[in-house]
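[1] Quick one: sequence and predicted model below, then my questions.
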Amino acid sequence: MAVVGIILIFTFVISAGLPLFFKVGPYRFLFGMEWRPTGGQFGILPLILGTLLVVAGALVVGGSAGVVTAIFLSELCPQVLKRTFKVVVELLAGIPSVVYGFFGIIVLIPFIRSQVGGSGYGILSASIILGIMILPTVTAIAEDAVSSVPIDYKLAGLSLGATDWQTIRQVILPAATGGIATALVLGIGRAIGETMAVLMVIGNAPQIPDSLVKPVSALTSTIALDMAYASGDHRTALFAIAIVLLLIITLLLISIRLLHARLGSAE
Amino acid sequence: MTRARVFDLSAKAVAWAVAISTMVFLILIIGYVVIRGVPSIASVGLEFFTTAPRGIKMQGGVYPMIVSSIYLTVLSLVIAFPIGLGAAIYLAEYAGRGRFVELIRFSADLLSGVPSIVFGLFGLAFFVYFLKMGYSVLAGALTVFLMVLPTLVRTSEQAIKAVPRSYREASLALGASKWQTIRRVVLPSAAPGILTGVILAMGRAFGETAAVLFTAGSVPQTPASPLDGGRTLTVHLFYLATQGQIEDSFRVAAVLLFVVLGFNLTAGWMMARFRRRFG
Amino acid sequence: MASEVKFEKVDFYYGAFKAIDSLQLTILARKVSAFIGPSGCGKSTVLRMVNRTNELVAERTRLEGRVLIADENIYDGVDLFSLRKKVGMVFQRPNPFPKTVYENIAWAPRIHGVKRTDELDEIVEKSLKRAALWDQVKNKLKSSALSLSGGQQQRLCIARSIAVNPEVLLMDEPTSALDPRATARIEDLVEELKADYTIVIVTHSMQQAARISDSTAFFLSEGAGRPGRLIEFGETERVFTNPSSRLTEKYITGRFG
């Protein structure tokens, strides 16, 4: 069923989007500087840049905090707190993305507007919201990786007179690299695919930005925003964007597999 | 104090600070929505849940949205449950490690990584237009079914695999067939674990927006049949929030949070019980 | 420099559970002392008191009384890091770091401030020689420690411990995961090392205790939930041939545990 599902999705999306690749040409589609679908301009470079910037920002915010929280949970946190913290992290993963988007609109946007400048909508806001959203994913998977490092390593390190941090940094983390990398890649995947929250705070302006508070558009948010009224080539173009998203996700997944295969054979 | 010691203490302090502020932040999000939303609901009264929205700005009750959300969630799970369970039984009990199984696993992983908006597009192209379902709860439910399938299969498979080998061996030794063993011994023991997966999937279905926006539609009506369109709570919140109706948004957001977090807490609690039983 | 380890009226608790009751024991320098007793008698807990690693594996541990190394109470404001540097530990399962053979040895000296490569090289060579492993690994210093055999890994762990010049060497059933030949090599190594260190070894094998130790301590708990007690301590030969306690005799002749 999963196989059927995935084949269906790929065939339908690809067959609906591919015509545009031929019409516009893959190069002009992927690297075209202008996205003005109603005027016949189908360059998605601004959207790709928007996604990349926002995802990179999310990784800085949520990826790093997620890994640090994971290390904290598995190595430093007292047992009493640990359960509560893990429940909170799990709950966070369950909050619907529209609620995050709403939170962004009522709290984050006004804050950015008054403290940093601009309209509040834009790369910075989207990065922060996305960062918060990928944090639970990154934390949960990285925590698994860190706590599956045998306690023997930790004991060995500490009984040699090393500090906790030296042991964590130089013994435990290197042993958990594969799992932490997986966590981050999955976080990236989630950030790239996230739609609603991004749509609500990114500002939706398909332009190449010159500052962090400028509104931009992402691949996903453009699809969601335009689908309501798109027709003809514009509509096909949205499916073509979906093809790009599917390709990115597939590549990420394959890279995780390769990572695991390499780590598996190294042991 | 040596440098290493200073470094150790400061690194730990940073980790504590990051973790604590993460937690505070998370609790803040939930708390803020609840604190603003609950009194607001209380001021409207029970009518909020039992009446339809009024006027062009869609203020007032959310009864049709609640019905749409429940309808869609239940329908997608009704479709997903037998298929997911079947796949899980196959993967856990029958499948070896061949090429085909690898393909299934890869597909499931891929499926769980596909952005929800792409699901939405697919649902629009396939269910809404190609199968001519129109904007309908059914089209939405089928789309969401594809989304939750991987989670459901994975949790069920794990639950089945967690049943101790000795249970199976005891049953097989008594002369039961493999299928009898699965049906009468394995599945009942794995049931709480499987149910956990179902509840998690329901939480996900209830909270989904992007995939239902273009499949179930956004008409604020009470769907009478699966072929009617509807507007889920999530879609409703999206419109309210982007139109700047903050007070209405808070109410809907609070309801969403309560339902989805309720599902997740229940699932977490059941998972903990299940794990305790099977170590 | 080997040091004496002294326990003075020590009670040890995990939370509310009293694991060790009024322990009084002096472990002599440059000798091998064996801790024997059935599972759950507290012998490993006593061992881990010496480098204070009990508190790493459990929360809410508490010790009453005094534990002295070279007449310094290690439970009174002592610096944990220099304590653990002073007391090496070898574990049940060989646990080399997932790093190269060289890095396994060089890691601890480096974090304790040795920076110069030639100095590190020298420490690595000396430690591996001392652990009777140099000849086998001198051409494999850059390979992963996990590629060594179990017995070699355990000797690597011993080499790793002695690379920081400890005064006391703790061994928690160091041969329980090894085959008889590898066990014999570790036992030979222990005999050699006692010239420089105070060695305490926890073992399940009474033959091993009889073969390699100078003194033997027998611990026993009266049942689950009851604290472990030191029943008898003395020269190994005397403890095994002429135990002063009936309980020791019963254990040694294999009647319980």
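    Good, I have the coordinates.

[2] Over stretch A:202-215, what's the mean pLDDT, rounded is fine.
    On average, the pLDDT along stretch A:202-215 is 86.

[3] Could you export it as CSV, CA atoms only?
    Taking Å, rounded to 0.1, in the frame of the first residue of the first chain, the C-alpha atoms of stretch A:202-215 are listed here in CSV:
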residue,chain,number,x,y,z
ILE,A,202,7.1,34.5,5.7
GLY,A,203,5.4,37.5,4.1
ASN,A,204,4.9,35.8,0.7
ALA,A,205,6.9,38.0,-1.7
PRO,A,206,8.8,36.0,-4.3
GLN,A,207,11.9,38.2,-4.3
ILE,A,208,15.6,37.8,-3.7
PRO,A,209,16.0,39.3,-0.3
ASP,A,210,18.7,41.8,0.9
SER,A,211,18.0,41.5,4.6
LEU,A,212,16.8,39.1,7.1
VAL,A,213,13.6,41.0,7.8
LYS,A,214,12.5,41.1,4.2
PRO,A,215,9.5,39.0,3.3
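
[4] Check which helix or strand residue C:29 maps to.
    According to DSSP states H and E, residue C:29 maps onto no helix or strand at all.

[5] does the closest residue to it other than its chain neighbours count as helix, strand or coil?
    Of all residues not flanking residue C:29 in the chain, residue C:2 sits nearest, at 4.1 Å (CB to CB, 6 or more residues apart in numbering or on different chains). Bear in mind the C-beta positions are built from the backbone N, C-alpha and C, glycine included. With DSSP: H, G, I helix; E, B strand; the rest coil as the basis, residue C:2 sits in coil.

[6] Hmm, residue C:197 and residue C:2 touching each other?
    Yes - between residue C:2 and residue C:197 there is a contact at 5.1 Å, judged by CB atoms under 8 Å.

[7] which neighbours do these two share?
    C:30, C:167, C:168 (CB atoms under 8 Å, 6 or more residues apart in numbering or on different chains).

[8] Please indicate which of those are buried?
    Taking 16 or more other CB atoms under 10 Å in any protein chain shown as the criterion, what is buried in these is C:167, C:168.

[9] Helix or strand: which one has whatever residue of chain B ends up closest to chain C?
    Residue nearest to chain C within chain B: residue B:4 (6.5 Å; CB to the nearest CB). For residue B:4, the element it lies in under DSSP H and E is helix B:3-44.

[10] after that helix comes which helix or strand?
    helix B:47-50.

[11] What lies in contact with the following helix or strand past that next one?
    With elements assigned by DSSP H and E, the helix or strand that comes after helix B:47-50 is strand B:53-54. Applying CB under 8 Å, 6+ apart, the contact partners of strand B:53-54 are B:59, B:60, B:61, B:62, B:64, B:220.

[12] List the neighbouring strands of strand B:53-54 plus their orientation.
    strand B:59-60 (antiparallel) (DSSP bridges).

[13] and the partner strand, how far out from the chain's middle?
    Relative to its parent chain, strand B:59-60 has a centroid offset of 27 Å by CA atoms, centre = their mean, to the nearest Å.

[14] ditto for stretch A:242-257
    The chain centre lies 12 Å from the centre of stretch A:242-257; the measure is CA atoms, centre = their mean.

[15] That stretch and chain B, are they touching?
    Yes - against chain B, stretch A:242-257 shows contacts by CB under 8 Å from any CB of the partner chain at A:242, A:245, A:246, A:249, A:250, A:252, A:253, A:257.

[16] still on that earlier bit, contacts only, for the residue nearest to residue C:29.
    Residue C:2 touches C:29, C:30, C:167, C:168, C:196, C:197, C:198, counting by CB under 8 Å, 6+ apart.

[17] just the residues you listed now: which is nearest chain B?
    residue C:167 (19.8 Å).

[18] Would you mind measuring from the nearest residue to that closest one once chain neighbours are set aside to chain B?
    The shortest distance from residue C:167 to any non-neighbouring residue, by CB to CB, 6+ apart, is to residue C:3 (4.3 Å). Per CB to the nearest CB, to the nearest Å, residue C:3 is found 22 Å from chain B.

[19] mind checking how far residue C:3 is from residue C:89?
    Distance of residue C:3 to residue C:89, computed by CB to CB, to the nearest Å: 15 Å.

[20] More neighbours: the two, which one.
    Legend: neighbour count by other CB atoms under 10 Å in any protein chain shown for residue C:3 and residue C:89, higher for residue C:89 (25 against 21).

[21] That one and residue C:161 touch, don't they?
    Yes - look at residue C:89 against residue C:161 with CB under 8 Å: they come within range, at 6.5 Å.

[22] In strands, which of the contacts of residue C:2 appear?
    Here DSSP state E is the test, and the contacts of residue C:2 give C:168, C:198 as lying in strands.

[23] any chance of the contacts of residue C:2 in a markdown table, with pLDDT too?
    Converted to a markdown table, these look like this (pLDDT from 0 to 100):
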| residue | pLDDT |
| --- | --- |
| C:29 | 91 |
| C:30 | 92 |
| C:167 | 93 |
| C:168 | 94 |
| C:196 | 91 |
| C:197 | 93 |
| C:198 | 94 |
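
[24] Which member of the contacts of residue C:2 is positioned nearest chain A?
    Nearest member of those to chain A, counting by CB to the nearest CB, is residue C:168, at 11.3 Å.

[25] list the contacts for that closest one?
    Taking CB under 8 Å, 6+ apart as the test, what residue C:168 contacts is C:2-3, C:5, C:50-51, C:69, C:86-88, C:197-200.

[26] What subset of the residues you listed is buried?
    Neighbour counting over the contacts of residue C:168 (16+ other CB under 10 Å) leaves C:2-3, C:5, C:50-51, C:69, C:86-88, C:197-200 as the buried ones.

[27] from those, which two are the most distant?
    C:2 and C:51 (15.1 Å; CB to CB).

[28] and residue C:189, how many residues sit next to it?
    20.

[29] quick revisit: which residues are in contact with both of residue C:89 and residue C:161?
    Going by CB under 8 Å, 6+ apart, residues that sit against residue C:89 and also against residue C:161 are A:159, C:169.

[30] Please name the nearest non-neighbouring residue to residue C:177.
    Residue C:177 sits nearest to residue C:93 (CB to CB, 6+ apart), 5.0 Å away.

[31] State whether the one you found is indeed within a helix.
    No - applying three-state DSSP, one finds residue C:93 to be coil, outside a helix.

[32] what's the distance between it and residue A:151?
    Taking CB to CB, one finds residue C:93 at 11 Å from residue A:151.

[33] Have a look at the two and say which one is more surrounded.
    residue C:93 (16 against 12).

[34] returning to what we had before: show me which of the contacts of residue C:168 is closest to residue B:43.
    residue C:51 (63.2 Å).

[35] and the stretch 101-250 of chain A, which of its residues are near chain C?
    Residues of the stretch 101-250 of chain A lying near chain C (CB under 8 Å from any CB): A:150-163, A:166, A:170-171, A:174-175.

[36] secondary structure element for the nearest residue to residue B:22 once chain neighbours are set aside?
    Nearest non-adjacent residue to residue B:22, counting by CB to CB, 6+ apart: residue A:69, 5.3 Å away. Using DSSP H and E, residue A:69 maps to helix A:64-71.
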